[in-house]
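**Q** Here you go, sequence then predicted model.
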Amino acid sequence: MDAAALLSTLRARNVRLWIEDTQLKCSAPAGALDAGLREALASRKQEIIMFLRQAEALKSGPVSIVPIKPRGQRPPIFAVSGHGADAFCLLPMARQLHPDQPVVGVQPPGLDGTEPLSSIEALANYQVTQIRRYRPGGPYLIAGHCAGGTLAFEVAQQLVASGEEVSLLALIGAPFPTMFTKSSLLRVRLSSYSDAFAPAGLMRRIRLRRERLKGQELVSPAARAARHRVEAATVAAVHNYMPKPYGGQIDQFVTGDKWHRAHLWRPFARNLREHHLPRFEVNDLLLGPHVEILARALQERLDQIRSANATPIAPAMQ
């Protein structure tokens, strides 16, 4: 029985758990805790404490924080949203990562009908604030897909400039900012419509549409209009963004989308590690049948970072 199932069982038996200082406290009706539940509770004490702390952080945290996959004791991946402001695009991939790897989405302002931000620098500043409220200290793991790659790049820039450590900056199928022109996006849409005439293409679009709807509630026309305004403002902000050299390492997951021109990122990274997935487009890797391929590539990189951080540093020679 994992921690989530255990907590569900305890809740059904009216067992209340809470954290007082650093101690896990428990209040239970007579007979509610049998020997098996007591043993499970004792063996998973630290995991439950972490679970309750994460739940409290989400409850009291900013509305822009989205729990894509909140459970796990490893440092969370903060997934900044793409131009569609849909954090749940990364849900299928998040499910394929290590069970102890949390993934937390960060959404932009404007989805509530307020005015969206119109520059990448302002968007990044807003999201850095949300990230640091949720997790006050690093090291940070940052990821962004499509237009969110540009936003993730600037988020990492601002975190490093403030003295924080960024262990991972993952650009997933992220076009270079100058590619977000009206003509480029129109060509992409026309190409996707052309593919849809074939039976396989039509089924692919239906499948991707279903995956995008997973984890989302039906929204009102006003909410859809707000999302469209955020999308338009973000695309314009990305196109107008001028990257500056980044002092850390970039992990670039290069997909088969030729229009991305991903090689244009190279001059802006001191260290660039390219993970080539040339047989697949980014939508197929995020929402389609090949999501495990992207998840495996990202997990390998996460394991490398985790292993490097766990390696003890030998004492200096005297």
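**A** Now that the structure is in, tell me what you want to look at.

**Q** what's the helix or strand for the most centrally placed residue in the chain?
**A** With distances taken as C-alpha atoms, centre = their mean, Ala79 lies nearest the centre of the chain, 2.2 Å away. Assessed by DSSP states H and E, Ala79 sits inside strand 77-80.

**Q** in this structure, which segments are predicted with low confidence?
**A** Applying pLDDT under 70 to the chain picks out residues 1-5, 54-63, 85-86, 182-220, 311-318.

**Q** now the helices for it?
**A** Taking DSSP state H as the criterion, the chain carries its helices at 3-12, 35-43, 45-60, 91-96, 120-134, 147-161, 182-196, 199-213, 221-239, 282-286, 291-310.

**Q** Quick check: buried residues in the fourth one?
**A** The reference is to helix 91-96. 91-94 (16 or more other C-beta atoms under 10 Å). C-beta: built from backbone N, CA, C; applies to glycine.

**Q** now swap in stretch 35-46 and tell me
**A** Buried residues in stretch 35-46 (16+ other C-beta under 10 Å): 37, 40-41, 44.

**Q** same check, this time on stretch 8-20
**A** Residues 10, 15, 17 are the ones in stretch 8-20 that count as buried (16+ other C-beta under 10 Å).

**Q** can you pull the contacts of the first one?
**A** Read that as Leu10. Going by C-beta atoms under 8 Å, 6 or more residues apart in numbering, Leu10 touches 17, 28, 32, 37, 41.

**Q** what would the buried residues of stretch 35-46 look like in TSV with distance to Ala170?
**A** Supplementary listing: the buried residues of stretch 35-46 in TSV, determined by distance: C-beta to C-beta, whole Å:
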residue	distance to Ala170
Leu37	40
Ala40	36
Leu41	37
Arg44	31
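
**Q** from those, which is closest to Leu169?
**A** Arg44 (33.3 Å; C-beta to C-beta).

**Q** Hmm, that closest one is touching Thr9, no?
**A** No. Judged on C-beta atoms under 8 Å, Arg44 makes no contact with Thr9 at a distance of 11.7 Å.

**Q** residues near the residue lying closest to Ile250 once chain neighbours are set aside, how many?
**A** Excluding the flanking residues, the one nearest Ile250 by C-beta to C-beta, 6 or more residues apart in numbering is Ala269, at 4.2 Å. For Ala269, the neighbour count with other C-beta atoms under 10 Å is 21.

**Q** Check the one 5 residues further on too.
**A** The criterion is other C-beta under 10 Å. On that basis, Glu274 has 15 neighbouring residues.

**Q** Can you give the distance of stretch 246-264 from its chain's centre?
**A** Stretch 246-264 sits 17 Å away from the centroid of its parent chain (C-alpha atoms, centre = their mean, to the nearest Å).

**Q** First-to-last residue distance for it?
**A** 14 Å (C-alpha to C-alpha, to the nearest Å).

**Q** Check which residues of that stretch are buried.
**A** 246, 248-255, 257, 260, 262.

**Q** which residues are in contact with it?
**A** 153, 156-157, 160, 166, 168-176, 178-179, 184, 187-188, 265, 268-282, 285, 294, 297-298, 301.

**Q** if we can go back for a sec, is it possible to get CSV of the buried residues of helix 91-96 that adds distance to Asn309?
**A** Putting the buried residues of helix 91-96 into CSV (distance: C-beta to C-beta, whole Å) gives the following:
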residue, distance to Asn309
Leu91, 26
Pro92, 27
Met93, 22
Ala94, 21
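
**Q** for these, which one is nearest Pro289?
**A** Out of these, the member with the shortest distance to Pro289 (by C-beta to C-beta) is Pro92, at 10.0 Å.

**Q** Can you name the residues that contact the residue lying closest to that closest one once chain neighbours are set aside?
**A** For Pro92, ignoring the flanking residues on the chain, the nearest one in space by C-beta to C-beta, 6+ apart is Val291 at 4.6 Å. Shown in contact with Val291 (C-beta under 8 Å, 6+ apart): 92-93, 96, 285.

**Q** distance of Val291 from Asp251?
**A** 18 Å (C-beta to C-beta, to the nearest Å).

**Q** go on, Phe88?
**A** 22 Å.

**Q** and what of Ala170?
**A** The separation that Ala170 has from Asp251, given C-beta to C-beta, amounts to 5 Å.

**Q** anything in contact with each of the two?
**A** Taking C-beta under 8 Å, 6+ apart as the contact rule, Ala170 and Asp251 both touch Arg301.

**Q** rewinding a little: verify the stated contact: the residue nearest to the centre of the chain with Leu90.
**A** Yes. Between Ala79 and Leu90 a contact is recorded at 4.9 Å, counting by C-beta under 8 Å.

**Q** Mutual contacts of these two, please.
**A** Joint contacts of Ala79 and Leu90 (C-beta under 8 Å, 6+ apart) are 68, 103, 105, 143, 145.

**Q** Just the buried ones from these?
**A** 68, 103, 105, 143, 145.
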